[in-house]
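Novice: with the input below, show me the fold.
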Amino acid sequence: MINTEKSESPLTFPGWLDSLQASELPESTKQGFTITIRWYLGWCKRKRLRASVESIQAFLETIKEEKRPSGHVYGKWRSALVWFFKHASKGRVISDIAESKPEPTQSWEQALVEVLRRRGLSFNTEKTYCYWCRKFAEYCAPMPMKEAGFEELNTFLSFLATKKCITMSTQKQALNAVIFWFKQVRSMDPPKSLLFKKARIKKNLPVVLHVNEIRKLIEQLRGTNQLMARLQYGTGMRVSDLVRLRVKDIDFENGYILVRFGKGQKDRHVQLPRSLVSDLKKHLLKAEDLFNEDRENGIAGVYLPEALERKYPKAGERWIWHWVFPSRQLSVDPRSGIKRRHHVSTRPYQAQIVKACMKAGIQKRVTSHVLRHSYATHLLEAGADIRTVQELLGHSQLDTTMIYTHVMAKPGVGVPIPLDAL
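Specialist: Coordinates of the predicted model:
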């Protein structure tokens, strides 16, 4: 850590941005310098450091370790800070800012990604774990990630709870990510108990729409988005399960859908609504046109889990493995770099749900997950057994399903309201 008491006197230069804009530097260079200098000043503020040669050196070492930039990018960052310090120190040129280039050794993040992929974890898990480990690295800076220990983890988790006011579930997510880094990458077993301030448990009841509100919402949607919403409400699937459906997962004859690799890597069956059979078959005819177009153009087959792709290398080019809701555009697989057709993104669909809610005049905070909540609640209201609902939703614990019984219960039913008696 840098001793701020021994740092040079503060270098204040409130007019640095105006000076930069008035300089003869190219506009693209000005923009890059502005971003880097603000980045540095924000870092100093978070670390409670003063602008000095020492803090600039620490900042450059930190971003070199965490970001692993190319030599060209690193040089741009350094040039921006050299410019800032030169002007902030009234013309004094600094020669002791290291011109070191990023080391070619493997970064901690590369090591983490390598282990995540070797263990076959999903891409969403990979992104989440990398995100929280980066946050932990930023918190520990300028201490290198490889030197951080469980004491730093305790203070980091306490910081998230007290300063960032995160929920218990978010804190657990951060804990799991960093513990994975310690155990699987650094081969360090955590102590039996970690001493950190736990986030407050917030018990929020799920938002549930009335049947009439569901009808109004669906009426405002069109095309594939409407079909997806009807299918999600009719089966109670998570939005991630919905977009990952493959053609072979829909069994029209037996009337069910097989949800594969759901939360917790579990498979389960859900009912196929009879009212959707005709529309789903029509939709699959359109999806098959995209499939045939890809085969004619020699596009790589759809993504398959690594073990399946090794065992059946041509399976991704078969219709049964194709996505039920394929994207209109081709995209590059972020892991393999292969250009292929992926399933639709969840974001546009979720955005359409929100817009439809506003058009329908529904005064509730609605997301696509509300359709799942409504499915479960309406099943219980219709007299379905709670164990059956638990199985259909894919909940590991019955307590998770029990929350919908609280939504069902109408508070004060049968009790006279004093105001109505006036």
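Novice: any stretches of the stretch 1-150 of the chain with poor pLDDT?
Specialist: 1-14, 87-106 (pLDDT under 70).
Novice: so which residues of it form helices?
Specialist: 16-22, 27-47, 53-67, 71-88, 108-118, 123-140, 150-162 (DSSP state H, counting those that start in this stretch).
Novice: just send the ones you listed back as a markdown table, with distance to Val208 and mean neighbour count too.
Specialist: Backbone N, C-alpha and C define where each C-beta goes, glycine included. Formatted as a markdown table, the helices of the stretch 1-150 of the chain follow (distance: least, C-beta to C-beta, whole Å; neighbours: other C-beta atoms under 10 Å):
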| stretch | distance to Val208 | mean neighbour count |
| --- | --- | --- |
| helix 16-22 | 50 | 14 |
| helix 27-47 | 41 | 15 |
| helix 53-67 | 43 | 20 |
| helix 71-88 | 49 | 17 |
| helix 108-118 | 36 | 16 |
| helix 123-140 | 26 | 17 |
| helix 150-162 | 29 | 18 |
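Novice: determine which of those approaches Asn225 most closely.
Specialist: helix 123-140 (21.7 Å; C-beta to C-beta).
Novice: which helices and strands sit right next to that closest one?
Specialist: When contacts are defined as 3 or more C-beta pairs under 8 Å, 6 or more residues apart in numbering; DSSP states H and E, helix 123-140 sits against helix 53-67, helix 108-118, helix 150-162, helix 168-180.
Novice: export that helix to CSV, keeping only CA atoms.
Specialist: Provided in CSV are the C-alpha atoms of helix 123-140 (Å, rounded to 0.1, in the frame of the first residue of the first chain):
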residue,chain,number,x,y,z
PHE,A,123,-20.7,-18.6,-19.9
ASN,A,124,-23.1,-16.6,-17.6
THR,A,125,-21.3,-18.1,-14.6
GLU,A,126,-18.0,-17.2,-16.2
LYS,A,127,-19.0,-13.6,-16.7
THR,A,128,-20.4,-13.3,-13.1
TYR,A,129,-17.3,-14.9,-11.4
CYS,A,130,-14.9,-12.7,-13.5
TYR,A,131,-17.0,-9.6,-12.6
TRP,A,132,-16.8,-10.2,-8.9
CYS,A,133,-13.2,-11.1,-8.9
ARG,A,134,-12.4,-7.9,-10.8
LYS,A,135,-14.3,-6.0,-8.2
PHE,A,136,-12.3,-7.7,-5.5
ALA,A,137,-9.0,-6.9,-7.4
GLU,A,138,-10.0,-3.3,-7.6
TYR,A,139,-10.8,-3.2,-3.9
CYS,A,140,-7.4,-4.7,-3.0
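Novice: and for that helix, what's in contact with it?
Specialist: 66, 108-109, 112-113, 116-117, 121, 145, 148, 152-153, 155-156, 159, 173-174, 176-178, 180-181, 240, 334-335 (C-beta atoms under 8 Å, 6 or more residues apart in numbering).
Novice: gap between the residue nearest the centre of the chain and Asn204?
Specialist: Residue closest to the mean C-alpha point of the chain, counted by C-alpha atoms, centre = their mean, is Thr128 at 5.7 Å. Thr128 sits 21 Å away from Asn204, going by C-beta to C-beta, to the nearest Å.
Novice: now do Glu27
Specialist: 48 Å.
Novice: follow-up on the earlier one: distance to Ile250 added to the helices of the stretch 1-150 of the chain, as TSV?
Specialist: Shown next, in TSV, are these (distance: least, C-beta to C-beta, whole Å):
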stretch	distance to Ile250
helix 16-22	58
helix 27-47	48
helix 53-67	44
helix 71-88	47
helix 108-118	30
helix 123-140	23
helix 150-162	42
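Novice: which one, of those, ends up nearest to Arg260?
Specialist: Nearest of the helices of the stretch 1-150 of the chain (C-beta to C-beta): helix 123-140, 15.2 Å.
Novice: pLDDT wise, what is Arg162 at?
Specialist: Quick fix: residue 162 is Thr, not Arg. At Thr162 the predicted local distance difference test score is 89.
Novice: do I have it right that it meets Phe196?
Specialist: No - contact criterion C-beta atoms under 8 Å: Thr162 and Phe196 do not qualify, at 9.9 Å.
Novice: residue contacts, the closest residue in space to Ser79 that isn't next to it in sequence?
Specialist: Among residues not flanking Ser79 along the chain, Phe33 sits closest, at 7.7 Å (C-beta to C-beta, 6 or more residues apart in numbering). By C-beta under 8 Å, 6+ apart, the contact set of Phe33 is 20, 25, 79-80, 83-84.
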